[in-house]
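Participant: I'd like to go over a predicted model; first the sequence, then the structure.
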Amino acid sequence: MNKTRCSWANPANPLYLEYHDKEWGVPCHDERRLFEMLNLEGAQAGLSWETILNKRENYRAAFDQWDAEKIAAYDADKVAALLADAGIVRNRLKVAAAITNAQAYLRLRASGATLDQWLWAYVGGKPLAADEGPRPAKTELSDRISKDLAKLGFKFVGSTIIYAYMQGIGMVNDHAPDCFCRARK
């Protein structure tokens, strides 16, 4: 039996279908995954999510399984190695942003907050249900979160990136009304 999915879920890519079916829109409270997804959404800027998803395992290896303490301490030699790694997007600004984001993340943690607590406070700890109709590229809430992340020192966190992040980590359920994942809690 064929399942009805969101139109963007590429049926020719099993990795993409698995991401759609098991991750996208599922509320995430795992700190490392929240940090990973924030950086991957930033890496996606100007590219397709499918491109980044296909490189996700390479990113995990290149960025020490998204260990923020290790990333925050990367030196010029590590940056050069990353920029030479064909398994990731070799964009100097995006690589630098991951390092800056690790430093900002560690400052957030040092203040006594987790990324999970900080993010989910914006929605009262519960996913938002999307309105019927076309999906927005950004919202007033993604505008606010974007600005607040930037104030904390995070990079590549524009409102459109943050809305995609909110979708990916399940802060908003944006599955199409006829998608079999829509009713999932």
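Facilitator: Done, it's in. Numbers count the residues shown, from 1 in each chain.
Participant: Using the three-state scheme, assign the residue lying closest to Phe156 once chain neighbours are set aside.
Facilitator: Residue nearest to Phe156 in three dimensions, not counting chain neighbours: Gly42, with 3.0 Å by C-beta to C-beta, 6 or more residues apart in numbering. All C-beta spots, glycine's among them, are computed from the backbone N, C-alpha and C. Per DSSP: H, G, I helix; E, B strand; the rest coil, the secondary structure class of Gly42 is helix.
Participant: who touches Asn101 in this structure?
Facilitator: By C-beta atoms under 8 Å, 6 or more residues apart in numbering, the contact list for Asn101 reads Phe35, Leu38, Asn39, Gly42, Phe154, Lys155, Phe156.
Participant: how many neighbours does the last one have?
Facilitator: Applying other C-beta atoms under 10 Å, we find 23 residues neighbouring Phe156.
Participant: is it true that it touches Gln44?
Facilitator: No. With the criterion set as C-beta atoms under 8 Å, Phe156 and Gln44 do not qualify as a contacting pair; they are 9.1 Å apart.
Participant: Out of the contacts of Asn101, flag the one nearest to Ile88.
Facilitator: Within these, the smallest distance to Ile88 is 10.6 Å, found for Asn39 (C-beta to C-beta).
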